[in-house]
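Colleague: Show me the folded form of this:
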Amino acid sequence: MTETLDRTPLSVLLSQLQPSGDAWEIDIPEDWLQGRAIYGGLSAAVCLAAVTAAVDDLAPLRSAQIAFVGPAGPAVCVRPSILRQGKSMAFVAADMTSSDKPAVRATFGFGAARESALAYEQVSAPDVADPAGGGRFFEDREGRNLGPNFARHFDSAWAAGATPISGADTPEFCVWMRHRDVAMRDSLLGLVALADALPPAAMARMTAPAPVSSVTWQFDLLHDRPATDDGWWLCRSSAEQIADGYSAQHMTIWNSRREPVLVGRQSVAVFA
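Modeller: Residues are numbered from 1 along each chain as shown. Next up, the predicted model:
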C-alpha cells in the first residue's frame with residue numbers, strides 16, 4: 001500500500017514563484033515540508049530560483065553559503081541583491097523571510113570559466129552497486145514513506161553506509177537519489193534541492209527519533225553544468241564529529257558516471 005498524499009512536482013512548484021516589488025513570493029505545499037517548515041535543500045533552491053529570475057546574464061554557479069536562521073514556510077518571501085558584479089564573477093545574496101521574520105540568508109557566487117594551466121581532481125567515488133541493486137532508503141517494501149513529507153518526491157536506493165536511527169558505529173549515509181519529477185533530473189535547481197535531501201549523518205548514531213536542524217550549509221560545484229545520464233546522483237554524507245548538541249559533516253555528490261559534481265560542508269544542531 002503506497003502513500004496517497006498529493007504531490008506537487010518541483011518544476012510546477014518553482015513556476016509559482018511570483019515577483020512582488022523587489023522580492024519574490026511563493027507558498028510551499030504540505031508535500032514539500034519537513035514537519036511544519038521547508039527543508040534546507042528546497043530553501044536553497046527557492047533562493048537560487050529567485051536570484052536567477054531577478055538577475056540577468058549570470059555565469060555558472062560555482063559556490064553557495066547558506067545560513068538557516070529560522071523556520072521557513074510554508075509562505076516565504078525572497079529578496080535578491082547584487083553584492084558585486086565583476087568581469088568574471090558575481091556575488092548575489094538572497095534573504096528569505098517567513099511571517100516577516102528572517103529564515104534563510106544565502107550568498108551565491110557565479111563565475112565564468114577561465115583558461116588555466118592547472119588541473120587536478122581527487123574526489124573518488126565509492127565502489128558501490130548501481131541504484132537498481134539497492135533497497136529503498138526512504139520507503140519500506142510496500143512503498144510506504146519512512147521519511148519526511150518531501151521524501152516522497154525522490155526515488156532513493158541505499159548504496160553503502162548506515163540507515164537512520166540504527167545505532168551505527170560510523171555516522172555515514174551513501175544513497176542513490178533522483179527526482180521523480182523528470183523535468184528536474186538534469187536541472188541545477190533540481191540538484192540543489194536534492195543535495196540536502198538526505199537526513200544529517202548524525203542520525204545514523206541515534207537509537208530513537210530526535211529532532212535535528214541544519215544550521216549552515218556550504219557547497220561548491222565542480223562543473224559548469226552538472227549532468228547525469230539517467231537522473232541518478234550518488235550522495236554521501238559523513239559526520240566528522242558529534243558533540244555538545246552539534247554535528248559537523250561533509251557531503252559529496254557524484255553523477256551516474258561516478259564523476260564528482262558537488263562537495264559541501266554542513267553544521268547541524270542535534271537534539272539528542
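
Colleague: which residues of this protein fall in helices?
Modeller: When assigned using DSSP state H, the helices of the chain occupy the ranges 10-15, 40-54, 188-195.

Colleague: and the ones you listed as CSV, adding mean neighbour count, mean pLDDT and distance to Gly73?
Modeller: The C-beta positions use only the backbone N, C-alpha and C, and glycine is treated the same way. Conversion of the helices of the chain to CSV gives the following (neighbours: other CB atoms under 10 Å; pLDDT from 0 to 100; distance: least, CB to CB, whole Å):
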stretch, mean neighbour count, mean pLDDT, distance to Gly73
helix 10-15, 18, 98, 12
helix 40-54, 24, 98, 8
helix 188-195, 25, 98, 14
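
Colleague: Including distance to Val261, could the ones you listed go into JSON lines?
Modeller: Putting these into JSON lines (distance: least, CB to CB, whole Å) gives the following:
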{"stretch": "helix 10-15", "distance to Val261": "18"}
{"stretch": "helix 40-54", "distance to Val261": "15"}
{"stretch": "helix 188-195", "distance to Val261": "7"}
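
Colleague: So which of those is nearest Trp254?
Modeller: Go through the helices of the chain one by one with CB to CB and the one that ends up closest to Trp254 is helix 188-195, at 11.8 Å.

Colleague: what helices or strands is the closest one leaning on?
Modeller: Secondary structure elements in contact with helix 188-195, counted by 3 or more CB pairs under 8 Å, 6 or more residues apart in numbering; DSSP states H and E, are helix 10-15, helix 40-54, strand 172-179, strand 233-243, strand 246-254, strand 260-270.

Colleague: quick one on the thing from earlier: would you mind saying which of the helices of the chain lies nearest Asp127?
Modeller: Taking CB to CB as the criterion, helix 188-195 is the member of the helices of the chain that comes nearest to Asp127, at 21.9 Å.

Colleague: quick check: angle from the closest one to strand 172-179?
Modeller: Relative orientation of helix 188-195 versus strand 172-179 (axes from the mean of the first three to the mean of the last three CA atoms, to 10 degrees): 140 degrees.

Colleague: Could you give the separation of helix 188-195 from the chain centroid?
Modeller: Mean-position distance between helix 188-195 and its chain equals 6 Å (CA atoms, centre = their mean, to the nearest Å).

Colleague: Contacts for that helix, please.
Modeller: Among residues not part of helix 188-195, those counted as contacts by CB atoms under 8 Å, 6 or more residues apart in numbering are 10, 14, 41-42, 44-45, 48-49, 61, 64, 154, 177-179, 181, 183-184, 219, 225-226, 233, 235, 251, 253, 261-262, 264.
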